[in-house]
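S.K.: Have a look at this prediction, sequence included:
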Amino acid sequence: MIDARNMECTYTMSPAEMHLRTELKIAKARILELEAMLNRPEVEDFSRGVVFEFAHQVACGRASRDAEKSPFDWFWTLGYLSQKAAQAAASGDIRKAKHHTISSAALLAQWHAHLSLCEPARDAAEGQT
C-alpha cells in the first residue's frame, strides 16, 4: 500500500508469508549448522569421522574428478595420505595423525563407491560376449 501523504511504501505480510519467512530462517540456520559439522574434522570417533570426511570430499567436488582416476591414482593418493598420518604420528601430532587415518579411510570409501559405479558397465559388457 502506498501512503500518498508521506510517499512511503509499506507492506504488511500475511500470516502465511510470516510463517514462510520464519521457516526459511530456521532452514538457513540448519544449513549453516550442518555445513559447520561437515567441515569440522571428527578425529575421536573413527566411524563418524569417516562418514563426515566422505561427505566433505563429495561436497568439495572431489567425487566429480574420480571418474578420471586410474587405480594407481587412487593407490598413490592413499599412500600419500597414509604417509602424512605416519609423519604426524612420528612427530607427536596425534590429532593430525588421526585426521589423516580418517581421510585415508574416506578415500577408500570413495574408491569403493567409484568401483561400484563402474561394475554394472563391466558386467553388461561381459554379458554381451
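M.R.: Arrived safely, thanks for sending.
S.K.: Least confident secondary structure element in this structure?
M.R.: Within the chain, no helix or strand scores below strand 2-3, which has a mean of 56 by mean pLDDT, DSSP states H and E.
S.K.: from the chain's centre, how far out does stretch 57-77 sit?
M.R.: 14 Å (C-alpha atoms, centre = their mean, to the nearest Å).
S.K.: what comes up buried for the top helix by length along the chain?
M.R.: For the chain, the longest helix by residue count, based on DSSP state H, is helix 94-128. Under the neighbour-count criterion of 16 or more other C-beta atoms under 10 Å, helix 94-128 has 96-107, 110-111, 114 buried. For the C-beta atoms, the positions are set from N, CA and C on the backbone; glycine is no exception.
S.K.: CA-only coordinates of stretch 49-58 in PDB, if you can.
M.R.: Provided in PDB are the C-alpha atoms of stretch 49-58 (Å, rounded to 0.1, in the frame of the first residue of the first chain):
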ATOM      1  CA  GLY A  49      34.800 -39.200  11.100                       C
ATOM      2  CA  VAL A  50      34.900 -41.400   8.000                       C
ATOM      3  CA  VAL A  51      31.300 -40.700   7.200                       C
ATOM      4  CA  PHE A  52      31.800 -36.900   7.700                       C
ATOM      5  CA  GLU A  53      35.000 -36.900   5.700                       C
ATOM      6  CA  PHE A  54      33.400 -38.900   2.900                       C
ATOM      7  CA  ALA A  55      30.600 -36.300   2.700                       C
ATOM      8  CA  HIS A  56      33.100 -33.500   2.900                       C
ATOM      9  CA  GLN A  57      35.100 -34.900   0.000                       C
ATOM     10  CA  VAL A  58      31.900 -35.200  -2.000                       C
END
